[in-house]
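> kindly generate the corresponding structure for this input.
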Amino acid sequence: MSCTAVEVIKKLFIMGVMATINQEIDFDTAALVAAEFGVDAEELPPEVDPTLIPEIEHNPADMKLRPPVVTVMGHVDHGKTSLLDVIRKTHVTAQEAGGITQHIGAYQVSINNKKIVFLDTPGHEAFTAMRARGAQVTDIAVLVVAADDGVMPQTIEAINHAKSAGVPIVVAINKMDKPGANADRVIQELMNYELVPENYGGQTIMVKVSAKKQTGIEDLLEHIILVAEMEELKANPNSAARGVIIEAQLDKGRGPVATVLVQNGTLRVGDSIVAGTTHGKVRAMINDRGDSVKKAGPSVPVEVLGLNDVPAAGDILAALDEKLAKSIAEHRLDKQRTQLIRSKKVSLDDLFQRIQEGSIKDLNIVIKADVQGSIEALSGALLALNKNDEVRVNIVHSGVGAVNESDIMLASAANALIIAFNVRPDNNARRLADSENIDIRIYRVIYDAIGDVKAAMSGMLAPKYKEVIQGKVEIRKVMKFSKALVAGSYVLEGKIYNNSKIRILRDNIEIFDGAIDSLRRFKDEVKEVSAGYECGISIVDFKDFREGDIIEAYKMEEIETSIADANREAEARHAAEGKQ
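Numbering: from 1, shown residues only. Below is the predicted model of the structure:
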């Protein structure tokens, strides 16, 4: 413009705009000022969003056939994981708490030299978001319906997810071996939801199977391959990788671990990646069988190590230039922080105002879990309890990993309850929780957590027992004898008793809860062992010891209820019964 900044500021001042040299002004004002100096101002083209991943245009000639991604969906306990067990010849259900799938699992299997990728989604109602995510990344949905149970709420929900995602549905009518099995009734019920079998003139393939008797499995797989061939699923294996985060967790030894389903291109060790607000370089990749792999092509599920933080499940993963990946992640993080600051200001002000007014009782909750999917499911299920104006659930914080000191401080400041799902508080957190009187509830099955919060909200939950930690023991050597497997252990703190209840922690995640079978010092059976001493421990129904595992000894102590508390409890129960 061939004029000084002082002249521009002066002109702005005359126009009534108080601006400094470093201040931004809108285009209309800038155009008016420029016109005063005889210059035409043109508006800049809109800036490219720095948080967006660049799109890749694929040449149709480069597109190759890829394996289908099949999501197994359906109601809880209709046999989804058992069916996958038979297909994969492994036993996932044995490791699941209460036999319920609580995470998304991704597995690749080979049938007649053709590969199929299976996603196993949880059937419990709390996992709606995880099932929706499963439907969105899939090519074919296998809907499992129990022949003795029929169409249930989560069956209907699964049908809706698959339809909204626009994927073909193959129905597996399971449990045909049961006495009350009635496939015709199931088919009739499914027809009400526009799933008409082929022999009735419809388009839906329905296969009768029994996971227990292992019948009809080959027929089901052949139909899946047939549907996949009709769909002509293609991807470009030679482009930069694009995929989706199926699940993510924080592993003590390996750091952030993300289960990724590659959708296009090939992901290689050493690639710079971005996923949501996280970035990093692929240090290692592990396939569903636990083997390290150097690359993963389209429709291959792998665990990826090397991200700087735990991404959110459902985030898109992309392999990019290192600087671009870091830039996108940082811009997204800044955007998220800005939104968090804004939302926190509003919610905290509102929260304290309502508490002071006494118009609402707030049940503040901090959630810590082993994986992102569990946090998502728990948050959704707990917030769904906000159906009355008397008590309101607020999720003040959620995160992956063990309960730590900052979680306790946050819970103390917000007067919150901590729900730990499949994780434990560390030593410092436990001590701080005791001194701050913070209630930490530990769960392994999701509907136990939901049930307890629901009961507490209705005023019907009266804690009769509290957990008292007696001691902490480290397994230092695993010894095999002809009659038993013994954990050679060292008592780190407190005492362990031969009648203690125990739980085994691996990387602060609970893997077993049970009782002591035998407690010995040298060859002698003893009643207790104190801190600083070694001992040998065998445990009822548990053999999967590892060196470094922690055994936590505890007992349940009855809480004395005062007459006033008992009266309040009775009044609350009568009031709840009256409402019902």
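
> neighbouring contacts of stretch 13-31?
Surrounding stretch 13-31, the residues in contact under the criterion Cβ atoms under 8 Å, 6 or more residues apart in numbering are 5, 9, 12, 32-33, 41, 43. Using the backbone N, CA and C atoms, a C-beta is placed for each residue, glycine as well.

> go again using 7 Å as the cut-off
Contacts of stretch 13-31 with the rest of the structure, by Cβ atoms under 7 Å, 6 or more residues apart in numbering, involve 5, 9, 12, 32, 41, 43.

> from those, which is closest to residue 477?
For the contacts of stretch 13-31, the minimum distance to residue 477 (Cβ to Cβ) is 73.0 Å, reached by residue 43.

> neighbours of the closest one, how many?
A total of 9 residues lie near residue 43 under the criterion other Cβ atoms under 10 Å.

> one more: residue 199?
8.

> just the pLDDT for it.
As summarised for this prediction, residue 199 has a pLDDT of 83.

> is it fair to say it lies in a helix?
Yes - according to DSSP: H, G, I helix; E, B strand; the rest coil, residue 199 belongs to a helix.

> against residue 231, how distant is it?
Residue 199 sits 22 Å away from residue 231 when distances are taken as Cβ to Cβ, to the nearest Å.

> got the contacts of stretch 13-31 as JSON lines, with distance to residue 217 and pLDDT columns?
Converted to JSON lines, the contacts of stretch 13-31 look like this (distance: Cβ to Cβ, whole Å; pLDDT from 0 to 100):
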{"residue": "5", "distance to residue 217": "77", "pLDDT": "89"}
{"residue": "9", "distance to residue 217": "78", "pLDDT": "90"}
{"residue": "12", "distance to residue 217": "77", "pLDDT": "89"}
{"residue": "32", "distance to residue 217": "75", "pLDDT": "90"}
{"residue": "41", "distance to residue 217": "71", "pLDDT": "89"}
{"residue": "43", "distance to residue 217": "63", "pLDDT": "84"}
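
> make TSV out of those residues and add secondary structure and distance to residue 308.
TSV is the format used below for those (DSSP: H, G, I helix; E, B strand; the rest coil; distance: Cβ to Cβ, whole Å):
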residue	secondary structure	distance to residue 308
5	helix	41
9	helix	43
12	helix	44
32	helix	46
41	coil	42
43	coil	38
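
> can you tell me which of those residues is nearest residue 498?
Within the contacts of stretch 13-31, the smallest distance to residue 498 is 79.9 Å, found for residue 43 (Cβ to Cβ).

> can you count the residues close to residue 12?
When counting by other Cβ under 10 Å, one arrives at 20 neighbours for residue 12.

> typo on my end, it should be residue 74
Residues lying near residue 74 (other Cβ under 10 Å) number 28.

> so who does it touch?
Taking Cβ under 7 Å, 6+ apart as the definition of contact, the neighbours of residue 74 are 80, 123, 143-145, 154-155, 158.

> which of the residues you listed has the most neighbours?
Top of these by neighbour count (other Cβ under 10 Å): residue 158, with 31 neighbours.

> who's in contact with the strand ranked longest in the chain?
Taking residue count as the measure and DSSP state E as the definition, the longest strand of the chain comes out as strand 465-480. Taking contacts as Cβ under 7 Å, 6+ apart, the residues outside strand 465-480 that touch it are 430, 485-497, 500, 531, 545, 547-559.

> pull out the buried positions in that strand.
Judged by neighbour count using 16 or more other Cβ atoms under 10 Å, the buried positions of strand 465-480 are 469-473, 475, 478.

> same check, this time on stretch 519-526
Of the residues in stretch 519-526, those buried under the neighbour-count criterion (16+ other Cβ under 10 Å) are 519, 526.
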